[in-house]
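Visitor: sequence below, structure please.
(chains A and B)
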Amino acid sequence: MELNALKKMNKGISTAKANRLYWLGRYAERVYLALHLLRKHYDLMIDEDSYAYNDFCYKMGVQNRYVSGEQFITSYLYDTDNPDSIINMLEKVKDNAILLREEIMSETLSYIQMSIFFMKAAKVEGRILSELQTITDFMLAFWGSIDERINNSEIRTIIKFGKFVESSDLHLRFGYPLDRIESINVRLFEALDNNTELCDEINLLAYKNNMVADKYNEPRTLYYLNGLFSA
Amino acid sequence: MYSSLVKQRDTVNRWMERFGVRFGIYKNGVFNEQIFPFDPIPRIISNSDWKDLEAGLIQRVNALNKFLCDIYNEKKIVKAGIIPEEFIYSSKGYLAQCEGITPPKCIFSHISGIDLVQSKDGTWYVLEDNLRIPSGASYPMIARDITRKVSPGTFKENEIFDNRNYASLIRKAMDYVNVDDGLEVILTPGRYNSAYFEHSYLAEKAGVLLAYADDLIVEDDIVYYKGLFDKKDRVGAIYRRISDDYLDPLAFEPDSLLGVPNLMRAYAKGNVAIMNALGNGAADDKGLYYFVPKMIEFYLGEKAILKNAPTYLPYFENDKKFVLKNLEKLVIKDVAEAGGYGVMFGRDMDAQRLADVKYLIETEPRRWIAQEVIDFVDLEIMEGEEKVYRKSDLRAFVVSEEETHVWKSGLTRYTRNPASFVVNSSQGGGFKDTWIMKK
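Guide: Got it, this is the predicted structure:
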């Protein structure tokens, strides 16, 4: 590894950059999980509960601005005027990623660019949800590229911090069982790997204390979780 | 020799999109990012042509560096009467704050972008010396990376110098001038700068940090990068992509939010290298361009290898008379403008405009130069499925460190408008790769 690259290993992360890295991880994971959760609710909408999108919006914590299942799917996926849409989530990933090119590398950024191009084309072509598996594939490739191409462990840590906070957040919101949340937490704490400087200690302790059967799904658990990042 | 690239140009463009190869442009106050149109037909420069160009460019940039060092220190060229003192020190690019300052290793222009055109008889003419923040090298660099992927056979069959070492050249220059082995950063004004892609791409490829003004702080005349939790790391070299006026609000434009307060003090004390040095605009002035052949003779004792375009300075009475008499045949340039702005072709002006420009020349003779219009060579470009010919120039990049190197490629820009000579991307131009042949 070259001299300056070595110097960068533990230097060169400003507060603004740390925030971008964290939110890059959060938004990227949000895209991935939103598509996953959307597929589950869409499945219900086929023949069980055509209004399952109401539940989706409630759990996701987004405004229910939709008049039908069909309109929900189209708007939630593709509508650039809908602040909650997947295309806008991807734009937020890009907004952070484009400012981090030198850290995450052009190849990693390219998966986000390709996702956006695909979504724009999919909107024009009227593609259905199942065809958006390509976006899921791109997001998985994005995460693979993060692991593969970023040598600076601190950079990786912050992105993963965001990823697993978002993952826990959405799993909590959608009522997943405690053992599932705990398995995500294990990965979150592994990602931090003693780098507790990045964590708000009080929120971390409170969050850990809430990881018991009768408390984990309380709203305050989300509050503690979302207050963990302290750069 | 490049037919495969023409066939696969859509694939090349898809790769460009994938990597977000764009440039920003403001139109009516609104920022837009757009694709920089890429033409698959390269400009090809033979090895013998290149050798002459390379020697001429090295000579020119060496002289310009000596000139900058001289005008801010000993002023030998003024004392020798080669260039009128007033002409140098009235330049908008001259910075009185830089008087007496010698940058690390005495290099002022670490990265020079020299714009050239080739006339139809094959002679290369220098049109401009860009010594402040010349941009554009990243485009042919990434284009080459992509075209090699898309059409490896093209590069197997043709012996072309690899151009993907540009970022390494920049790094080498940063390493050379780095003060006290500090961090190396590219200082960007931010995402909404037209060349932001280049800033971030070069930072990635050079393996240096991309810094924003808020990331840097000056304490006790030392520049630091502000890390997490109040950690501070010393900065030794800054490749700044912010113009002099905005670099330090305490020394220059007080309203600048892009700059770093007290950076000038740190620089003046020799505690940080700034690439390119402050005050380079004095030699980048289109009026001073006229004197470059004289600088070469004065500092190097050599005749200029590369020719200037025939240029007239209205500052001199005889030249002014000639310019006013022959305005219709000349191109007029504002000495302090760049990016294709402030360029006016006499032949395109109506009587009223000619009269207005004549008035400007008479009242502000130092502000303008006039050049003969060179009928420069047209290059083939693809327009749809058709090959057409368009005007183009070449920006050669010269990197100065312990030695002066010319990057074996360049940014070939072309106009998309058949009636235009203005090739700048900000004016709607496109770009080509530039192949320097090994044999």
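
Visitor: which positions in the stretch 1-150 of chain B make contact with chain A?
Guide: Residues of the stretch 1-150 of chain B lying near chain A by C-beta under 8 Å from any C-beta of the partner chain: B:17, B:18, B:19, B:20. All C-beta spots, glycine's among them, are computed from the backbone N, C-alpha and C.

Visitor: and of those, the nearest to residue B:382?
Guide: Closest approach between the residues of the stretch 1-150 of chain B next to chain A and residue B:382, by C-beta to C-beta: residue B:17, at 17.6 Å.

Visitor: need the outlier residue of chain B, farthest from its centre.
Guide: The outermost residue of chain B relative to its centre, with distances by C-alpha atoms, centre = their mean, is residue B:229 at 38.1 Å.

Visitor: which residue sits closest to it, ignoring its sequence neighbours?
Guide: In this structure, residue B:229 finds its nearest non-sequential neighbour in residue A:197, 6.1 Å apart by C-beta to C-beta, 6 or more residues apart in numbering or on different chains.

Visitor: my read: the one you found touches residue B:227, true?
Guide: No - using C-beta atoms under 8 Å, residue A:197 makes no contact with residue B:227, being 11.2 Å away.

Visitor: what does the stretch 251-400 of chain B put close to chain A?
Guide: On the criterion C-beta under 8 Å from any C-beta, chain A has no neighbours in the stretch 251-400 of chain B.

Visitor: which parts of the stretch 251-400 of chain B are strands?
Guide: Along the stretch 251-400 of chain B, the segments classed as strands by DSSP state E, counting those that start in this stretch run B:273-275, B:307-308, B:311-312, B:330-334, B:343-345, B:368-372, B:378-383, B:386-400.

Visitor: how about chain A?
Guide: Counting by DSSP state E, chain A forms no strands at all.

Visitor: report how many residues lie close to residue B:110.
Guide: 29 (other C-beta atoms under 10 Å in any protein chain shown).

Visitor: pull the contacting residues for it.
Guide: The contact partners of residue B:110, taken as C-beta atoms under 8 Å, 6 or more residues apart in numbering or on different chains, are B:173, B:177, B:239, B:275, B:276, B:277, B:399, B:400, B:401.

Visitor: put together CSV for the residues you listed, with neighbour count on each row.
Guide: Below are these laid out as CSV (neighbours: other C-beta atoms under 10 Å in any protein chain shown):
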residue, neighbour count
B:173, 25
B:177, 25
B:239, 28
B:275, 27
B:276, 25
B:277, 28
B:399, 23
B:400, 25
B:401, 19
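
Visitor: on that earlier part again, of all the residues of the stretch 1-150 of chain B next to chain A, the one with the weakest confidence?
Guide: Within the residues of the stretch 1-150 of chain B next to chain A, residue B:20 has the lowest pLDDT, namely 88.

Visitor: okay but that one is in contact with residue A:107, surely?
Guide: No - assessed by C-beta under 8 Å, residue B:20 is found out of contact with residue A:107, at 11.3 Å.

Visitor: spit out the contact partners of residue 123.
Guide: Picking chain A for this. Each residue near residue A:123 by C-beta under 8 Å, 6+ apart is listed here: A:77, A:78, A:87.

Visitor: think we crossed wires, I meant chain B
Guide: So residue B:123 contacts residue B:307 (C-beta under 8 Å, 6+ apart).

Visitor: quick check: the gap between it and chain A.
Guide: Using C-beta to the nearest C-beta, to the nearest Å, residue B:123 is found at 39 Å from chain A.

Visitor: now residue B:420
Guide: 31 Å.

Visitor: tell me, how many neighbours does that residue end up with?
Guide: When neighbours are defined as other C-beta under 10 Å, residue B:420 has 17 of them.

Visitor: what of residue A:99?
Guide: Residue A:99 has 22 neighbours, counted by other C-beta under 10 Å.

Visitor: tell me the pLDDT of it.
Guide: pLDDT for residue A:99: 95.

Visitor: looking at residue B:20 and residue A:107, which one has more neighbours?
Guide: The neighbour comparison of residue B:20 against residue A:107 (other C-beta under 10 Å) goes to residue B:20, with 22 against 15.

Visitor: for the more buried one, which three-state class applies?
Guide: At residue B:20 the chain is in coil, as set by DSSP: H, G, I helix; E, B strand; the rest coil.

Visitor: list the contacts for it?
Guide: The neighbours of residue B:20, taking C-beta under 8 Å, 6+ apart as the test, are A:98, A:101, A:106, A:109, A:110, A:113, B:197.

Visitor: cool, residue B:39 as well?
Guide: For residue B:39, counting by C-beta under 8 Å, 6+ apart, the contacting residues are B:381, B:382, B:414, B:430, B:431, B:432.

Visitor: change it to 6 Å
Guide: Residue B:39 makes contacts with B:381, B:382, B:430, B:432, as judged by C-beta atoms under 6 Å, 6 or more residues apart in numbering or on different chains.

Visitor: care to break the chain down by domain?
Guide: Just going to use chain A. Following automatic domain parsing, chain A resolves into domains at A:25-150, A:155-231.

Visitor: switch to chain B, that's the one I care about
Guide: Chain B breaks down into these domains under automatic domain parsing: B:3-303+B:376-436, B:310-372.

Visitor: hmm, who's touching stretch A:79-88?
Guide: With C-beta under 6 Å, 6+ apart as the test, stretch A:79-88 has contacts from A:62, A:75, A:76, A:77, A:78, A:119.

Visitor: just the buried ones from these?
Guide: For the contacts of stretch A:79-88, a neighbour count by 16 or more other C-beta atoms under 10 Å in any protein chain shown gives the buried set as A:75, A:76, A:77, A:78, A:119.

Visitor: in helices, which of those residues appear?
Guide: Among the buried ones among the contacts of stretch A:79-88, the residues falling in helices (DSSP state H) are A:75, A:76, A:77, A:78, A:119.

Visitor: residue B:130: which of those is nearest?
Guide: For these, the residue nearest residue B:130 by C-beta to C-beta is residue A:119; the value is 39.3 Å.

Visitor: which residues in chain A form helices?
Guide: Assigned by DSSP H, the helices in chain A fall at A:3-9, A:15-47, A:52-60, A:69-78, A:86-97, A:101-104, A:106-125, A:133-149, A:153-173, A:178-192, A:201-209, A:219-226.
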